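Undergrad: this one's sequence-less:
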């Protein structure tokens, strides 16, 4: 069966030509996904359509109603008997190559963070009074304000980490925008299936969201979308973001989410003989999950000396834990280019940098260990990590300070006092999220993605000056 | 074992007609033991692969060194300062670091080149009038290709053979007069050089509206691909353009595939179809492997090339390239260099990290 990606409300499907993307990473049989070849006119028509439909159907809804709709959609996608969920479970492993079980578990864990209680927290995080999305609310400085999301919001997604588009889509819906999202060629299906589920759960909202495709970087299509919409959210690497930025019309905002790196820090307290194995297992989970492809996955693990398990022994524990994860959740098959990167990484770690490299014959994972003098640096990904011994974790922030602009998550295993002390130092050097080791790859609802505000960055506040109601009073029929 | 014994054995082996696989294997293991003993960084690499000369029984079990290692390690059995020649890669890749191959002496390199070149390019001719589209060794003393072409012209070139590229690039008037002379004499002519130099020559001649019809038996040798040094061009279009510009049939346009990290070369038997089948001499063996495991992939599947070149005795015989290929009968199809991997998720890939930290 050929899956059809994209969701094109208001366009006549028979007037569109399609092209097949072939995915052959997950198993023996290739999966074909058909994607539409859209003209600039099609894109303009879609933007106009979702903008109008959102104005009619989505913007009049209360944010509470919208939360309930999203909650109902998520409930369906959490149900493993639901046909859309089943299609995700069948297709996503073939598309991305990630292990089925890992995807299945990952989807559930991730979707769970979008249920109603989490969505309410998500709203509360950005808006002390979420009703500000529905109507004018009193502001603390005086006067009244109402938050308006962009009438048409563009999303440009990247990468193959399953379900990543959900963050920005949910944000777009909560601020009542008409949404048009460009899917990544590496994972075109999740956003499509989400849109279809939404259309079934809330038919009145079925045309408030469009999902489109073009070959990444296509100038005419990108330009058409960013010009027709009011605000653009874009994910991607340096080159693609630079290109998108160059296409933005003056006066329109672009919110960029570039690729990031993350690392882990393990204190001596997590390395006593009772805790070290569990610590290694948690670190290994963060490394194995989606084969380090997510921006929240660690490239380097800093390990403090002074615990009863030495950093070198910890590196061995980590190697053992990665072997176990490799059996439970096998790493996806690598392309020749990826395999080549692994060879280059091993060679560099061992022979250029003089690290001790632990790996196994099949090359499913690798740990390079630096007892002295290791520095922060990129992994070749796909379960290869650098372990660096340090005397004191407080030395780590100074090692990563040159990389401020690309830092995101730190997975940490330290006692409470150190947690806050280190968090402060890490924040100073640009880290935007500090998570418990083992939780790196599962950001919680309402997290500040790359340190930003998910919802309030999207809206404009229209405010009624404090003096305006007083002045209006003077014009009331009851004015003396 | 002493170096001179290895050299004698190699020279004998290269001169033989069809030595057996067992003879190849025996010499490969001898040289492996020699390198393990005399090349310290290589010995530590071999140990890190969990191997030693006593556990390696077949040549394909010799751990291949990734070519990147040539950039940071002095892989040599002689002290670098005593090397007769040091060949370096162009340094066009990451960080501008150049891979280095130290040659204690060049007698084996030269014997390897001559024997195989005579067979695959000279095709029975003892001498040809040659034009070389590459700078002389004096201009590029660390270029293995300059040395190779110098050997070609000195051993197999007639006295009117000449270098057609100077410090300022192609000497177009000399190239044109050499081609005109060849047309006039009716004697076979050979044009040899870097692939990208041929692109520049084709473009320059086309600009002047010049085409030539070199006499029968004339041939062309190109090597090295385009490496961003000329416009990139599909192989089929390239060989068509050679044929169109110089009047040499594609069957007589021979591609050489060589590397600074080797002492021997591969050739095809002309480029009627692309990609052509390339193969090496009897003192070389190539495998198409999964780069992660070093295990050969099934015939017909794409992998990267690992070469064992006995003539590279002073350095390491066995290297892991970054060249994608498919094994076929009588050789392999070269598919081009494996590019760096891009991150498929939102995490930063190495190349992007380097780009982002270029100013750090």
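TA: Noted; the coordinates are in hand. The structure displayed is predicted, hence computed values, not measured ones.
Undergrad: The closest residue to chain A within the stretch 251-360 of chain B - how many residues pack around it?
TA: Per CB to the nearest CB, the residue of the stretch 251-360 of chain B with the smallest distance to chain A is residue B:345, at 2.7 Å. C-beta coordinates here come from the backbone N, C-alpha and C atoms, glycine included. Residue B:345 is flanked by 27 other residues according to other CB atoms under 10 Å in any protein chain shown.
Undergrad: Contact partners for the residue lying closest to it once chain neighbours are set aside?
TA: Distances taken as CB to CB, 6 or more residues apart in numbering or on different chains place residue A:293 nearest to residue B:345, at 2.7 Å, with adjacent residues excluded. Residue A:293 is in contact with A:159, A:160, A:161, A:381, A:382, B:343, B:344, B:345, B:346, B:347, counting by CB atoms under 8 Å, 6 or more residues apart in numbering or on different chains.
Undergrad: again, but for residue B:86
TA: Residue B:86 neighbours (CB under 8 Å, 6+ apart): B:80, B:100, B:101, B:102, B:103, B:142.
Undergrad: Which pair of those residues spans the longest distance?
TA: B:80 and B:142 (12.9 Å; CB to CB).
Undergrad: of those two, who's got more company?
TA: Using other CB under 10 Å as the criterion, residue B:80 and residue B:142 rank with residue B:142 on top: 17 against 11.
Undergrad: surely that one meets residue B:88?
TA: Yes - using CB atoms under 8 Å, residue B:142 is in contact with residue B:88, at 4.2 Å.
Undergrad: if we can go back for a sec, how close does the residue nearest to residue B:345 get to residue A:190?
TA: According to CB to CB, to the nearest Å, residue A:293 and residue A:190 sit 15 Å apart.
Undergrad: Overlap in contacts, residue B:142 and residue B:88.
TA: Counting by CB under 8 Å, 6+ apart, nothing touches both residue B:142 and residue B:88.
Undergrad: about what we covered before: lowest-confidence one in the contacts of residue A:293?
TA: Within the contacts of residue A:293, pLDDT reaches its minimum at residue B:343, with 64.
Undergrad: any chance you could map the helices in the stretch 201-350 of chain A?
TA: Along the stretch 201-350 of chain A, counting by DSSP state H, counting those that start in this stretch, helices occupy A:219-228, A:238-246, A:276-288, A:311-328, A:336-347.
Undergrad: how about the ones you listed, which one is nearest chain B?
TA: helix A:336-347 (4.1 Å).
Undergrad: Give the next helix or strand downstream of the closest one.
TA: On the C-terminal side of helix A:336-347, the closest following helix or strand by DSSP states H and E is strand A:356-359.
Undergrad: Now that next one: buried residues?
TA: Within strand A:356-359, the residues that count as buried by 16 or more other CB atoms under 10 Å in any protein chain shown are A:357, A:358, A:359.
Undergrad: Packing partners of that strand?
TA: helix A:311-328, strand A:366-370 (3 or more CB pairs under 8 Å, 6 or more residues apart in numbering or on different chains; DSSP states H and E).
Undergrad: what's the most buried one of these?
TA: When you average the neighbours per residue for each of the helices and strands packed on strand A:356-359 (mean count of other CB atoms under 10 Å in any protein chain shown), strand A:366-370 leads with a mean of 25.
Undergrad: Given that one, what are its sheet partners and their directions?
TA: When pairing is defined by DSSP bridges, strand A:366-370 lines up against strand A:356-359 (antiparallel), strand A:384-390 (parallel).
Undergrad: For that strand, give me every contacting residue.
TA: Against strand A:366-370 from outside (CB under 8 Å, 6+ apart): A:311-312, A:315, A:318-319, A:322, A:342, A:345-346, A:349-350, A:353, A:355-359, A:383-389.
Undergrad: Neighbours of residue 52, how many?
TA: Went with chain A since none was named. Neighbour tally, residue A:52, other CB under 10 Å: 16.
Undergrad: wrong one, I was asking about chain B
TA: The burial count for residue B:52: 13, using other CB under 10 Å.
Undergrad: gap between it and residue A:211?
TA: Distance from residue B:52 to residue A:211, by CB to CB: 58 Å.
Undergrad: Contacts only, for residue 264.
TA: By default, I'm working from chain A. Residues near residue A:264 by CB under 8 Å, 6+ apart: A:283, A:286, A:298, A:300, A:301, A:302, A:410, A:411, A:412, A:413, A:437, A:440.
Undergrad: Oops, wrong one, chain B.
TA: B:112, B:113, B:116, B:258, B:280, B:281, B:283, B:284, B:309, B:311, B:312.
Undergrad: For ChimeraX, write the selection for the buried entries among those.
TA: Per 16+ other CB under 10 Å, the buried members of these correspond to this ChimeraX selection:
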select /B:112,113,116,258,280,281,283,284,309,311,312
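Undergrad: Next step: the contacts of residue B:264 restricted to strands.
TA: B:284, B:309 (DSSP state E).
Undergrad: Please convert the contacts of residue B:264 to a markdown table, extending it with distance to residue B:27 and pLDDT.
TA: Shown next, in a markdown table, are these (distance: CB to CB, whole Å; pLDDT from 0 to 100):
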| residue | distance to residue B:27 | pLDDT |
| --- | --- | --- |
| B:112 | 13 | 98 |
| B:113 | 19 | 98 |
| B:116 | 17 | 98 |
| B:258 | 21 | 94 |
| B:280 | 15 | 97 |
| B:281 | 13 | 97 |
| B:283 | 8 | 98 |
| B:284 | 12 | 98 |
| B:309 | 12 | 98 |
| B:311 | 11 | 97 |
| B:312 | 13 | 96 |
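Undergrad: Of the contacts of residue B:264, which belong to helices?
TA: B:112, B:113, B:116 (DSSP state H).
Undergrad: Save these as JSON lines, and put in distance to chain A too.
TA: Putting the ones in helices among the contacts of residue B:264 into JSON lines (distance: CB to the nearest CB, whole Å) gives the following:
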{"residue": "B:112", "distance to chain A": "26"}
{"residue": "B:113", "distance to chain A": "28"}
{"residue": "B:116", "distance to chain A": "28"}
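Undergrad: How about the stretch 301-450 of chain A: which residue is closest to chain B?
TA: residue A:363 (3.3 Å).
Undergrad: how about the residue lying closest to that residue once chain neighbours are set aside, phi and psi?
TA: Closest residue to residue A:363 apart from its sequence neighbours, by CB to CB, 6+ apart: residue B:292 at 3.3 Å. When quoted as degrees, to the nearest 10, the phi and psi of residue B:292 stand at phi -70, psi -40.
Undergrad: which parts of the helix or strand of chain B with the lowest mean pLDDT are buried?
TA: When the helices and strands of chain B are scored by mean pLDDT, DSSP states H and E, helix B:350-356 comes last with a mean of 73. Neighbour-count burial for helix B:350-356 flags B:350, B:351, B:352, B:353, B:354, B:356 (criterion: 16+ other CB under 10 Å).
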